[in-house]
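Participant: what follows is a predicted protein model with its sequence.
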Amino acid sequence: MKRFLANLTAKSSRFLIEKLKIGSGSAFPGRVALAIDPMFIASYNKSFNSGRFNFFITGTNGKTTSSGILANIIKVATNKSPISNAFGANLYYGIASELVNSTNINCELSSNDFVFEVDEAAFRSVAKDLKPKAVILTNIFRDQLDRFGEINATQKLIESGIKAIGQGKTKIFLNANDEKIAQFEFLLDDNFEKIFYRVDNVEISFKEESLHKNEHHEAMFTASLVKRTVKGSFIKLYFKDESIDVFLPIAGDFNIYNACAAAVAAFHYGISFNDIKAGIESYECAFGRGEKIIYDNKELNIFLIKNPAGCTEVINFVSQFDSSIVLIAINDNYADGRDVSWLWDAQFEKLACKGIKFVCSGSRAYDIALRLKYAGVSIEDIEVKEELIASIKDLVVKSKKDENLFVLPTYTALLEINSSSLKS
């Protein structure tokens, strides 16, 4: 009865939020449900036990894209979508909200399978309540220092989440390119089956942090870059004597790691290479992860930025294009991280002297404007407009036909875009 009341009340709150257009409704319904029934998430464990695909994905970067690709592969292979927090609401309340969204009025789930991306700090709490059959670990970079501290603290958060899973045989998929992730090999006991994956010819490097380690010599599920294009990457996936050529329809070398993470999990749960290929090639990017929005006949390319490593990879991609306008929207709300000092670690210098014009927006618009100035961008090429949606609309009106338009928002700025008239 308590779960029924929690579900009904939470659904009503979501309806009001959407009707009144006062937010995205990605977390608040979960808060409502848990306030009425603190065991709301845990109460669905029994239902999920009968599912074949129950995955958590955690790590600093790539959670949303990896989980989105994996969910699409499962959909292709089974003709049924798993429950997934596709919009990236990955805190405890966000998981609860997705369960509200994925049940009918009688608390019956739309699927017994789930693919949940889980915030590193929320991992332990969610794992205590909802037991996954497998966990995919992506990478560990510096991220939101006010929440996570340095890399070792993030590593300990993930470790505590793994321990919270407890009994049962759980598969752990480890990124062999990331030294901090690979170290979990030595922390796992017999309750866990360790499976490594890697990208063998693409290095992502940021100062002292890098993705290039793969000293593990046992047979590993592997992705290789074959060719880069503006629209995406041609890659090869292989394991032992089996391989397949795949087109990954989202650009950026970092997304090859995300595709590999999704593919290894699908493969080791019995999904064929052909279905993996079809799932990757038919994937439509998650909002803000290379998403394209058409507004007033102009194409806006949206890339979420939230920490130095991920931001620098986006910068590397954007820097390939001439005749561009880049709008950077920096907020400092809790979900973004209050500390925006990470802007000084991201390599904005790569965008200087490129003839790019910049618009700085968000609650910390002047911080990013100052960062660009010190990166070597001429002040004549920097415009500050704090109100985000108005600045995007103005950008579209003033831009020329042949100019590339990029929008680089932090998380809450991305949510604002997603719930705005730009997408209506």
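Facilitator: Perfect, I can see it now.

Participant: quick one: contacts of the longest helix along the chain?
Facilitator: Using DSSP state H to define each element, the chain has its longest helix at helix 2-20. Under the contact criterion Cβ atoms under 8 Å, 6 or more residues apart in numbering, helix 2-20 has outside partners 23-25, 28-30, 32-37, 39-40, 43, 96-97, 100-101, 103, 105-107. Every C-beta, even on glycine, is put in place using the N, C-alpha and C of the backbone.

Participant: buried subset of those residues as a ChimeraX selection?
Facilitator: Here is the ChimeraX command that selects the buried residues among these (16 or more other Cβ atoms under 10 Å):
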select :24,25,28,29,30,32,33,34,36,37,40,43,96,97,100,101,103,107
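
Participant: now, which of the contacts of helix 2-20 lie within strands?
Facilitator: Of these, none are assigned to strands by DSSP state E.

Participant: pull out the buried residues from stretch 412-424.
Facilitator: Thr412, Ala413, Leu414, Leu415, Glu416, Ile417, Asn418, Ser419, Ser420, Leu422.

Participant: where's the fourth one, which helix or strand?
Facilitator: Counting by DSSP states H and E, the element that carries Leu415 is helix 411-418.

Participant: so where's the stretch 51-200 of the chain shaky on pLDDT?
Facilitator: By pLDDT under 70, the low-scoring segments of the stretch 51-200 of the chain are 142-150, 167.

Participant: please enumerate the helices of it.
Facilitator: Assignment of helices within the stretch 51-200 of the chain using DSSP state H, counting those that start in this stretch yields the ranges 63-78, 92-101, 123-129, 145-148, 151-165, 179-182.

Participant: can you give me the strands for the stretch 201-350 of the chain?
Facilitator: 204-206, 209-211, 221-228, 233-239, 242-248, 289-295, 298-303, 324-329 (DSSP state E, counting those that start in this stretch).

Participant: who does the last one touch, helix- and strand-wise?
Facilitator: Where contact means 3 or more Cβ pairs under 8 Å, 6 or more residues apart in numbering; DSSP states H and E, strand 324-329 is packed against strand 357-361, helix 365-375, helix 388-398, strand 404-409.

Participant: then that strand to PDB, C-alphas only?
Facilitator: Extracted in PDB, the C-alpha atoms of strand 324-329 (Å, rounded to 0.1, in the frame of the first residue of the first chain):
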ATOM      1  CA  SER A 324      32.200  28.700 -35.800                       C
ATOM      2  CA  ILE A 325      30.400  30.400 -33.000                       C
ATOM      3  CA  VAL A 326      30.700  28.700 -29.600                       C
ATOM      4  CA  LEU A 327      28.300  29.500 -26.800                       C
ATOM      5  CA  ILE A 328      29.600  28.300 -23.400                       C
ATOM      6  CA  ALA A 329      27.000  28.100 -20.600                       C
END
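
Participant: list the buried residues of it.
Facilitator: Quick answer for strand 324-329 (16+ other Cβ under 10 Å): Ser324, Ile325, Val326, Leu327, Ile328, Ala329.

Participant: what's around Lys400, how many residues?
Facilitator: 8 (other Cβ atoms under 10 Å).

Participant: setting aside sequence neighbours, what's the nearest residue to it?
Facilitator: Nearest non-adjacent residue to Lys400, counting by Cβ to Cβ, 6 or more residues apart in numbering: Ser323, 7.8 Å away.

Participant: got the confidence number for the one you found?
Facilitator: Looking at Ser323, its pLDDT reads 84.

Participant: over to it: give its phi and psi.
Facilitator: phi 50, psi 60 (degrees, to the nearest 10).

Participant: what is the neighbour count of it?
Facilitator: 13.

Participant: direction-wise, compare the helix holding Leu415 with strand 324-329 and give the angle.
Facilitator: Calculated by axes from the mean of the first three to the mean of the last three Cα atoms, to 10 degrees, helix 411-418 forms an angle of 110 degrees with strand 324-329.

Participant: quick one: contacts for the nearest residue to Ser324 once chain neighbours are set aside?
Facilitator: Nearest residue to Ser324 in three dimensions, chain neighbours excluded: Asn404, at 4.2 Å (Cβ to Cβ, 6+ apart). The contact partners of Asn404, taken as Cβ under 8 Å, 6+ apart, are Asn301, Phe321, Ser323, Ser324, Ile325.

Participant: surely the fourth one meets Leu405?
Facilitator: Just to be clear, that refers to Ser324. Yes: if you go by Cβ atoms under 8 Å, Ser324 and Leu405 touch, sitting 7.4 Å apart.

Participant: on that earlier part again, so which of the helices of the stretch 51-200 of the chain gets nearest Tyr257?
Facilitator: helix 63-78 (8.1 Å; Cβ to Cβ).

Participant: for the closest one, packing partners?
Facilitator: So helix 63-78, by 3+ Cβ pairs under 8 Å, 6+ apart, packs with strand 54-58, strand 83-84, strand 114-117, helix 254-267, helix 273-281, strand 289-295.

Participant: just the buried residues of that helix, please?
Facilitator: Quick answer for helix 63-78 (16+ other Cβ under 10 Å): 63-77.

Participant: try stretch 226-239
Facilitator: Arg228, Gly232, Ser233, Ile235, Leu237, Tyr238, Phe239.

Participant: coming back round to it: so the longest helix of the chain versus helix 92-101, what angle?
Facilitator: Going by the same axes, to 10 degrees, helix 2-20 makes 90 degrees with helix 92-101.

Participant: centre of the chain versus helix 2-20, how much separation?
Facilitator: 26 Å (Cα atoms, centre = their mean, to the nearest Å).

Participant: buried set for that helix?
Facilitator: Result for helix 2-20 [16+ other Cβ under 10 Å]: buried residues Arg3, Ala6, Asn7, Leu8, Thr9, Ala10, Lys11, Ser13, Arg14, Ile17.
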